[in-house]
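*Asks:* when you get a sec, could you give me coordinates for this:
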Amino acid sequence: MIGIGAGVGCDGQVLVMHDMLGVYTRKPAKFVKDFLTDEHNETKDITGAFKAYHQAVKDRTFPTP
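*Replies:* Numbering: from 1, shown residues only. As a prediction, this is how the structure comes out:
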């Protein structure tokens, strides 16, 4: 099962690219996380954001409860 903010019990996660990069035009959903500025994004660039997102899903640290 693929989820979008449904919790770590899913087999995979979907997150809108603009949300994961912190490009918001309004208040984001509560499960959205800005991976561009995330502490695990060492390079602070878009590629690093995708890598940090991928790792967080694999580690089951994203999404949080």
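*Asks:* what ranges does this structure have for its helices?
*Replies:* Shown for the chain, the helices assigned by DSSP state H span residues 17-20, 46-59.
*Asks:* looking at those, which is nearest to Lys27?
*Replies:* Smallest distance to Lys27 across the helices of the chain (C-beta to C-beta): 11.2 Å, for helix 17-20. To be clear about C-beta, it is placed using only N, CA and C from the backbone, and glycine gets the same treatment.
*Asks:* helices or strands up against the closest one?
*Replies:* helix 46-59 (3 or more C-beta pairs under 8 Å, 6 or more residues apart in numbering; DSSP states H and E).
*Asks:* what's the neighbour count on Tyr62?
*Replies:* Check again: residue 62 is Phe, not Tyr. The local packing of Phe62 (other C-beta atoms under 10 Å) involves 22 other residues.
*Asks:* pLDDT score for it?
*Replies:* For Phe62, the pLDDT comes out at 90.
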